[in-house]
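>>> Structure for this input, please:
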Amino acid sequence: MKPEDLQLLVTRQMPFGKHKGTLIADLPGNYLNWFAREGFPPGEIGRLLALMQEIDHNGLSDLLKPLRPGRSG
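Have a look, this model is predicted:
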């Protein structure tokens, strides 16, 4: 993981599929878990989905709140 990946989770949108246009950080846990079972796509999007799945799985999603656009730490 690169430090800037956390910022990307709250600014990058899902580029395809059922949740196209949804911020990676806002994807439902069951969708992230599906990728974990079936395989993450290659490249940056797969890396971000895997990171978000790990954050969600461990109940750490609140850590992203200060990083969301329009919020100050």
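>>> From the rest of the structure, what touches the helix or strand encompassing Ile55?
Assigned by DSSP states H and E, Ile55 falls within helix 43-57. Applying C-beta atoms under 8 Å, 6 or more residues apart in numbering, the contact partners of helix 43-57 are 1, 5-6, 8-9, 12, 14-15, 24-25, 27, 29, 32-33, 35-36, 40-41, 61, 63-64. Glycine gets a C-beta too; all of them are placed from N, C-alpha and C.
>>> Also stretch 15-31?
Contacts of stretch 15-31 (C-beta under 8 Å, 6+ apart): 8-14, 45, 48-49, 52-53, 56-57, 61, 64, 68.
>>> ok, now with 10 Å
With C-beta atoms under 10 Å, 6 or more residues apart in numbering as the test, stretch 15-31 has contacts from 5-6, 8-14, 32, 34-35, 41, 45, 48-49, 51-53, 55-57, 59, 61, 64-65, 67-69.
>>> Mind giving me the PyMOL select for the contacts of helix 43-57, buried ones only?
A single PyMOL command selects the buried members of those (16 or more other C-beta atoms under 10 Å):
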select buried, resi 6+8+9+12+14+24+25+27+32+35+40+41+64
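>>> Can you tell me which of the contacts of helix 43-57 end up in helices?
Taking DSSP state H, the ones among those that sit in helices are 5-6, 8-9, 29, 32-33, 35-36.
>>> Can you lay out the residues you listed as TSV showing pLDDT?
Formatted as TSV, those follow (pLDDT from 0 to 100):
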residue	pLDDT
Asp5	95
Leu6	95
Leu8	97
Leu9	97
Gly29	97
Leu32	98
Asn33	98
Phe35	97
Ala36	98
